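K.L.:
build the 3D model from these lines:
(one chain, ligands or ions: 1)
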Amino acid sequence: MGGPGVGVGLMRSVDSGVMPQPPRIAVTTTPAATAVSAPPSGERGIMVPQTSRADHVCKSRRSPMEFSELVMKRRTVRRFEEAPVEREVLEKIARLGQHVPSAGFSQGQRLVIVTDRDQRRRVAETCGESFYADLDMGNWISECAAQFIPCVSEAVYRRRYAEADKGSTPVAEQDWPTPYWWIDIGKTSMVVMLAAHDAGLTAGFAGPQDVPALKAILGLPDEFHPVGVIPVGRPLPDVRSPSLKRGWVPFEEFARWDRW
Ligand SMILES: Cc1cc2nc3c(=O)[nH]c(=O)nc-3n(C[C@H](O)[C@H](O)[C@H](O)COP(=O)(O)O)c2cc1C
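P.N.:
Numbering: from 1, shown residues only. The predicted model follows:
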């Protein structure tokens, strides 16, 4: 990291604002590097018509109450009906999961949606499903309508930030203060869970214990990493996580005004 020429800490780009900037890259004073300070041409223009920000916010915003209710009512559910859910409903959830921000608009996130019964069982095994069954929580990872498996490629981000408008830094020289691929796949995961609830379904989240096995079962390209398994379906009565006894961190501890 570091390097001749421009101090990268002052770099600004459309998707990540002011410093700190990932990756800390070796910016040179070549014409290509100069382009770093300018918004990548056409990046946003391709996606949305040219409207003022105020127009866009007014037209697309749902009522705050509706959104608050969705967020406050969502919870991790761990028991589902296995009855299938219409493909269009699952596809709508997936389409919403795609529509999230990503650093540099890299879009290194992918979703694998598993509905096949046997495949769901194979996937659930990689999350140690028997552990939950032994706790009388049931086979909640496999017995569902569908599993949404968010996957992400670090390599996509590194290749994107090796492009001219991001400084042309060779992949091997990039130093990311915050690995944005993990942030972006978290956003995808959250939207999938909220979209499932919004569709009148519910969702859980299980961490894969055997990632190589999960990758093999899904036939993932090597550079993609599955971060979780999100079972989705109509809810059945379930066992709540003992972790919930911890309660919420007080809001005053969570949110700090102006400084810590
Ligand atoms: C990254 C992540 C990993 C999780 N892994 C598991 C898991 O492996 N098994 C499980 O039962 N719940 C898992 N959860 C669910 C959490 O236990 C749950 O979100 C938390 O207890 C708060 O409950 P709530 O989602 O109902 O608000 C995970 C959640 C997240 C965000």
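K.L.:
from here on, just use CA atoms for contacts and neighbour counts.
P.N.:
Fine.
K.L.:
where does the protein have low pLDDT?
P.N.:
In the predicted model of the chain, residues 1-65 satisfy pLDDT under 70.
K.L.:
Lys166: neighbouring residues, count only.
P.N.:
27 (other CA atoms under 10 Å).
K.L.:
try the one 5 residues further on
P.N.:
Around Val171 there are 17 other residues, counting by other CA under 10 Å.
K.L.:
wait, isn't Tyr132 in contact with Gly138?
P.N.:
Yes. If you go by CA atoms under 8 Å, Tyr132 and Gly138 touch, sitting 6.2 Å apart.
K.L.:
which of these two has more residues huddled nearby?
P.N.:
Gly138 (19 against 16).
K.L.:
from the ligand, how far off is the more buried one?
P.N.:
Here Gly138 is placed at a distance of 11 Å from the ligand (CA to the nearest ligand atom, to the nearest Å).
K.L.:
tell me if that residue really is in a helix.
P.N.:
No. Using DSSP: H, G, I helix; E, B strand; the rest coil, the secondary structure at Gly138 is coil, not a helix.
K.L.:
contact partners for it?
P.N.:
Arg79, Tyr132 (CA atoms under 8 Å, 6 or more residues apart in numbering).
K.L.:
report the distance from stretch 156-175 to the chain centre.
P.N.:
When C-alpha coordinates are averaged (CA atoms, centre = their mean, to the nearest Å), stretch 156-175 and its chain have centres 21 Å apart.
K.L.:
ok, stretch 214-226 next?
P.N.:
Remark: stretch 214-226 is offset 16 Å from the chain centroid, using CA atoms, centre = their mean.
K.L.:
return it as CSV; C-alpha atoms alone will do.
P.N.:
Provided in CSV are the C-alpha atoms of stretch 214-226 (Å, rounded to 0.1, in the frame of the first residue of the first chain):
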residue,chain,number,x,y,z
LEU,A,214,-21.5,-26.7,0.8
LYS,A,215,-19.5,-25.3,-2.1
ALA,A,216,-19.3,-28.7,-3.6
ILE,A,217,-23.0,-29.5,-3.1
LEU,A,218,-24.0,-26.2,-4.8
GLY,A,219,-21.3,-26.4,-7.5
LEU,A,220,-20.0,-22.9,-6.7
PRO,A,221,-17.2,-21.4,-8.6
ASP,A,222,-14.1,-21.5,-6.4
GLU,A,223,-14.0,-17.8,-5.8
PHE,A,224,-17.5,-17.7,-4.3
HIS,A,225,-18.0,-18.1,-0.5
PRO,A,226,-21.4,-19.1,0.9
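K.L.:
buried sites along it?
P.N.:
Leu214, Lys215, Leu218, Phe224, His225, Pro226 (16 or more other CA atoms under 10 Å).
K.L.:
of those, which belong to strands?
P.N.:
Secondary structure from DSSP state E places Phe224, His225, Pro226 of these in strands.
K.L.:
ok, so of those residues, who is nearest the ligand?
P.N.:
Using CA to the nearest ligand atom, Pro226 comes nearest to the ligand of those, at 11.7 Å.
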